[in-house]
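Enquirer: predicted structure and sequence below. I'll ask about it afterward.
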Amino acid sequence: MKRVYPNKEYCIGCHLCELACITSHSKSKDLIIAFREERGKDGLSPRKRVFENGDISVAISCRHCDEPACVAACIAGGLHKDPETGRTVYDREKCVGCWSCLMSCPYGAIRRHPTEDKIVKCDLCFERENGPACVEACPNGALKFEER
């Protein structure tokens, strides 16, 4: 299964992956409208986060693990592993906001929604034909969508 892999050697901390993620998941599909008006509403928040420490930065998102700890920890059935695609799928309607998945993720890739008692996690932009928006937007090639 293809996954998004970060490379901290090439990440320049520009956060364009976060902006591409917000835009891709917005209703408008417009960067400015998504950032200024839609962000924080209807679950719209970047599903990827850039961590920075001095000169080092790296973009982290869900790894869609083969045996995801978040799925095992989810008490409400809001997360499941899709056997056909290999994606770890989030069902927002089932989420009860207990944060068990957030605490169980070894990558810190699941985050709290900024305004709701829900989570936000990468869905690999499954609706896009050309792969995740974050990978496409990365100017330095610090994100790769590939099988390893």
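Expert: Nice, thanks for sending it over.
Enquirer: can you pull out the low-pLDDT segments for this structure?
Expert: When residues are selected by pLDDT under 70, those of the chain lie in 42-43.
Enquirer: domain-wise, how is it divided?
Expert: 1-61+122-148, 65-120 (automatic domain parsing).
Enquirer: got JSON lines for the ones you listed, with mean neighbour count too?
Expert: C-betas here are computed from N, CA, C, even on glycine. JSON lines is the format used below for the domains of the chain (neighbours: other C-beta atoms under 10 Å):
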{"stretch": "domain 1-61+122-148", "mean neighbour count": "17"}
{"stretch": "domain 65-120", "mean neighbour count": "16"}
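Enquirer: separation between the closest residue to His15 other than its chain neighbours and Ala59?
Expert: Sequence neighbours aside, Val50 is the residue nearest to His15 in space, at 5.2 Å (criterion: C-beta to C-beta, 6 or more residues apart in numbering). In this structure, Val50 and Ala59 are 5 Å apart, going by C-beta to C-beta, to the nearest Å.
Enquirer: now for the two: what residues contact both?
Expert: Both Val50 and Ala59 are contacted by 11, 17-18, under the criterion C-beta atoms under 8 Å, 6 or more residues apart in numbering.
Enquirer: among those, which are in strands?
Expert: Residues of these located in strands (DSSP state E): none.
Enquirer: mind listing what Ile60 touches?
Expert: Applying C-beta under 8 Å, 6+ apart to Ile60 gives the contacts 6, 48-51, 107-109.
Enquirer: and the contacts of the longest helix anywhere in the chain?
Expert: Identified as the longest helix of the chain according to DSSP state H is helix 16-24. With contacts defined as C-beta under 8 Å, 6+ apart, helix 16-24 is touched by 29-31, 34-35, 38-39, 44-50, 59, 122, 125, 128, 132-139, 143.
Enquirer: quick revisit: is the residue nearest to His15 in a helix, a strand, or coil?
Expert: Assigned with DSSP: H, G, I helix; E, B strand; the rest coil, Val50 falls in the strand class.
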